[in-house]
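A.B. asks: I'd like to go over a predicted model; first the sequence, then the structure.
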Amino acid sequence: MQLVIVESPAKAKTIEKYLGKDYKVLASYGHVRDLPPKDGSVRPDEGFAMDWELYGDKQKQVRAIADAAKEADRLILATDPDREGEAISWHVQELLAKRRALPKDVQRVTFNAITKDAVTGAMANPRELDQDLIDAYLARRALDYLFGFTLSPVLWRKLPGAKSAGRVQSVALRLIVDREREIEAFKPQEYWSVIARLEQDGTEFPARLVRFDGEKLDKLSLGDEGIAMRAKAAVESGAFKVEEVETKPQRRNPQPPFTTSTLQQEAARKLGFSASHTMRVAQTLYEAGAITYMRTDGVQMDSSAISAARVAISDRYDGHYLPEKPRHYATKAKNAQEAHEAIRPTEFTRDHFGSGDEARLYSLIWKRALASQMASANLERTTVTLRDGTGQHELRATGQVVKFPGFLAVYEEGRDQSQNADDEESGLLPTVNKGDTPAKKGVDATQHFTQPPPRYSEASLVKRLEELGIGRPSTYAATLQVLKDRNYVRTEKNRFFAEESGRLLTAFLERFFPRYVAYEFTAGMEEELDDVSGGRAAWKDVLDAFWRDFKPKSDEVMERKPSEVTEVLDEFLSDYLFPPTDDGSDPRLCPKCGTGRLALRGGRYGAFIACSNYPDCKYTRKFAQPGGGQDGGEDTELGKHPETGEVIMRKSGRFGPYVQMGEGKEAKRASIPKDIDELTFDWAVKLLGLPREIGEHPETGKPIAASIGRYGPYLVHDGKYAKLGSTAEVFDTGMNAAVAKLADAANNGGRGRAKAEPIKTFGAHPTSGGELKLLAGRYGPYVTDGSTNATLPRDRQPEDVTEEEAIRLIDEKVAKGPAKKGRGRKKAPAKKAPAKKKKAADA
């Protein structure tokens, strides 16, 4: 018997169909062991010796693999063809050797696609484990452990509210924070454009003023309304004649097939997928045999795949769409060993696969790969120059037309930002000739303001990380998810915003560990790790060079008092926390007592701004409110309640801002929800009027109310609850919507409560198809696919759970079958029922 080990049960199921009866395929369910999350798991003083610990929930699976290995003549390690796949194979081999269950014949096979040809071809060409890739894995794992387990205790003691730092995640966070700083420092500039609306042969087209009073105009030349109106008047009064018509042909070549990074970028732009969701869906497609391996830096396709793509093109389009020679793309990956084939469909004859998100992502991959082998697009760009009689004023019209679409018939790459100039040039122009005088239909002078750089989307952040050489594309999804899970960033309309905790952490690292969040250092470390995987560097030498500088630096910071750290950060962040005031007054002067000075302070729940005259003056404001605004500790009168006549005050307390009506024990208070951007008097009256009674339930006759509680806005009826999405819904939800939401909550929650918000969401379970979620339960966190629940092992933290682990927990729970009633207890014998009485219940 030949034993084949892969990562996932879905992959095992697919492969087993292609192999004969002599093969047995088992899944390891991802990594089987890891460094224990405690001090001493990596020991630099002992030559970076590492302790490995079997995952608590992997005991049963490893035992099954070991039992099968004892009976096997040959062990075939067929995990994924990358560094992580090599590491899983190495761990399995090491574990089996320790258990004396390792067959004499051990071989490693890799395949880039789970198809019959790829799998059987790989089986016929086995190799040994790649020690260089294993060393690269060991170096990365030890490096990340040493960085996190050395730095995190420093954060916990010196920076209240900080949760963790990571070698790559902290640099990705810095990118987001740096962009936030750029936006805050940006000063918008006014500028105007003057556009003439011209007409030729019944077709209107725009022409922009590009020269005024003999001076060439750039974007900011018309800087105010006065000069813009003079320019407009000059165009209105001038008689413009066509002086030049220039037509230039242009060619656009197709983009190469997807790499991991470009797939994440395009799926974000075109499908709205997060990086993690893209990778989950791609994993499902790969394990189903629909696409090639989805973690790759390579852009080339196999020669047989190129031939298949060319056949598919000739079958669908005429000969002009197929170039004479196949296209070949060069990889930009710095390490050739990790530059696998690009992501492509396994069969170009199949233009659809799966349903839902799987079908959408497959279509994107299929179109991009097919387009990469198609002919270039031919375009024609026309520029028309018009001048008035004086020659002092000049208009320019541009247009572009597609003469032959080529690959554009199938696929066009998305863009992160719409470019107005590109949009103007993409229009069609009527036929004009030198000497023509197009009719003038009107002239528009439009005011504009320069815009700050846009916040990063997932697509643009992934692109920037790759440009800087930070991390590896296969890890970007997990890195971005950690930033969200730690609440260092939030996303709004698919854009990253730095939270106050993320901003403070970045400031701390920049001030005390500047080298280790420098872009060039992190990129350089990636190159060193690539050298290890390429056999050009020894992994322990790389670790030693890092540890020699990092450990003394962390010890030095640990010796500092928390007050010293806060003082340094107060100075480092002064421009952000205390920007110049409009009236020139001291921005640090306490607005409440008028004599104290404001400064950064560290508290149990994080950093905040406080007055130096504490405890006499108790003015405070949140860290994330630079300049104070209206969110300081000074009480503000909003008005008098329209019914009671009592004064309504806006106040600030230890748990944030709130509104209050009345005084003493009889006072009524309400917290100000975070989703209220600007507190008005009307909002204050509404909040103080909660709970709001919507009406009587049509079936029970009992009241339905809406309010805001500890866990956010909700509906309540007869002791049953339903979650609302926003504060506005508390006041806008009507009877019909309320009844429907309560009914949904009762169906989903089991006890009448709304379905709990998941701690994490994953993709669909490969077997059941249900959405995988990680939830907080009464007896601890658990994963569910909607039909099966599986509790997390006690030694696992919810934020560390991966999708493959969630799938495995569900599969193991299903394999065990339903729990037996009364399991572990002996049923007591039934008591004999007394005459003429009801039968007694079982004890």
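C.D. replies: On my side now, so go ahead. Numbers count the residues shown, from 1 in each chain.
A.B. asks: How about the contacts made by I291?
C.D. replies: Residues near I291 by CB atoms under 8 Å, 6 or more residues apart in numbering: 113, 282, 285, 343-346, 362, 365. Backbone N, C-alpha and C define where each C-beta goes, glycine included.
A.B. asks: Of those residues, which belong to strands?
C.D. replies: Using DSSP state E to define strands, no part of these is located there.
A.B. asks: Is it possible to get TSV of those that adds pLDDT, distance to E458 and neighbour count?
C.D. replies: Listed next are these as TSV, based on pLDDT from 0 to 100; distance: CB to CB, whole Å; neighbours: other CB atoms under 10 Å:
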residue	pLDDT	distance to E458	neighbour count
A113	88	27	21
A282	93	15	28
L285	93	19	23
I343	94	18	28
R344	94	23	25
P345	95	24	27
T346	93	27	21
Y362	96	20	24
I365	97	18	25
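A.B. asks: Just these: which are in helices?
C.D. replies: Members of these lying in helices (criterion: DSSP state H): 282, 285, 362, 365.
A.B. asks: Now distance to S164 too, for the residues you listed, in a markdown table please.
C.D. replies: Below are the ones in helices among the contacts of I291 laid out as a markdown table (distance: CB to CB, whole Å):
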| residue | distance to S164 |
| --- | --- |
| A282 | 27 |
| L285 | 32 |
| Y362 | 36 |
| I365 | 34 |
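A.B. asks: Which two among these are spaced furthest apart?
C.D. replies: Spatial extent of the ones in helices among the contacts of I291 (CB to CB) is set by the pair A282 and Y362 at 9.2 Å.
A.B. asks: Report the secondary structure state of the residue positioned nearest the centre of the chain.
C.D. replies: With distances taken as CA atoms, centre = their mean, the chain has L480 as the residue nearest its mean C-alpha position (4.6 Å). Using DSSP: H, G, I helix; E, B strand; the rest coil as the criterion, the local structure at L480 reads helix.
A.B. asks: Is it in contact with S460, as I believe?
C.D. replies: No: L480 lies out of contact with S460 (CB atoms under 8 Å); the separation is 12.0 Å.
A.B. asks: Quick check: what element follows the lowest-mean-pLDDT helix or strand in the chain along the chain?
C.D. replies: Sorted by mean pLDDT, DSSP states H and E, the helices and strands of the chain end with helix 420-425, the least confident at a mean of 48. Counting by DSSP states H and E, the next helix or strand C-terminal to helix 420-425 is strand 439-449.
A.B. asks: Identify the residue nearest V517 in space, chain neighbours excluded?
C.D. replies: Once flanking residues are discounted, V517 sits nearest to L509: 4.6 Å by CB to CB, 6 or more residues apart in numbering.
A.B. asks: go on, K760?
C.D. replies: L774 is the one closest to K760 (CB to CB, 6+ apart), at 4.1 Å.
A.B. asks: Over to A136?
C.D. replies: Nearest residue to A136 in three dimensions, chain neighbours excluded: S533, at 3.5 Å (CB to CB, 6+ apart).
A.B. asks: and that neighbour, how many neighbours does it have?
C.D. replies: 25 (other CB atoms under 10 Å).
A.B. asks: same deal with Y711?
C.D. replies: The number of residues near Y711, taken as other CB under 10 Å, comes to 11.
A.B. asks: Same question for G391.
C.D. replies: By other CB under 10 Å, the residues close to G391 number 10.
A.B. asks: for it, what are its contacts?
C.D. replies: G391 sits next to G214 when contact means CB under 8 Å, 6+ apart.
A.B. asks: Look up how far T385 lies from it.
C.D. replies: G391 sits 12 Å away from T385, taking CB to CB, to the nearest Å as the criterion.
A.B. asks: Kindly report the same for Y137.
C.D. replies: In terms of CB to CB, Y137 sits 61 Å off from T385.
A.B. asks: hey, where'd the strands end up in the stretch 651-800 of the chain?
C.D. replies: Using DSSP state E, counting those that start in this stretch, the strands of the stretch 651-800 of the chain run over 656-661, 668-671, 692-696, 703-709, 712-717, 720-723, 760-764, 771-777, 780-784, 789-791.
A.B. asks: Buried residues of the helix or strand where T120 lies, list them for me.
C.D. replies: Using DSSP H and E, T120 maps to helix 116-123. Neighbour-count burial for helix 116-123 flags 118-119, 122-123 (criterion: 16 or more other CB atoms under 10 Å).
A.B. asks: I'd like the next helix or strand past it.
C.D. replies: Using DSSP H and E, the helix or strand that follows helix 116-123 in sequence is helix 131-158.
A.B. asks: Buried residues in whichever helix or strand comes after that next one, which are they?
C.D. replies: Toward the C-terminus, helix 131-158 is succeeded by helix 169-185 as the next helix or strand (DSSP H and E). Buried residues in helix 169-185, defined by neighbour count with 16+ other CB under 10 Å: 169-177, 179-180.
A.B. asks: From the contact counts, what lies against helix 169-185?
C.D. replies: If you count contacts as 3 or more CB pairs under 8 Å, 6 or more residues apart in numbering; DSSP states H and E, helix 169-185 packs onto helix 458-468, helix 473-485, strand 495-498, helix 500-512, helix 519-533.
A.B. asks: can I get these in TSV with distance to A371 and mean pLDDT?
C.D. replies: TSV is the format used below for the helices and strands packed on helix 169-185 (distance: least, CB to CB, whole Å; pLDDT from 0 to 100):
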stretch	distance to A371	mean pLDDT
helix 458-468	19	89
helix 473-485	21	85
strand 495-498	29	90
helix 500-512	38	91
helix 519-533	30	90
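A.B. asks: And these: which comes nearest D351?
C.D. replies: With CB to CB as the measure, helix 458-468 is the member of these nearest D351 (24.5 Å).
A.B. asks: The closest one to helix 519-533, inter-axis angle?
C.D. replies: Relative orientation of helix 458-468 and helix 519-533, computed by axes from the mean of the first three to the mean of the last three CA atoms, to 10 degrees: 70 degrees.
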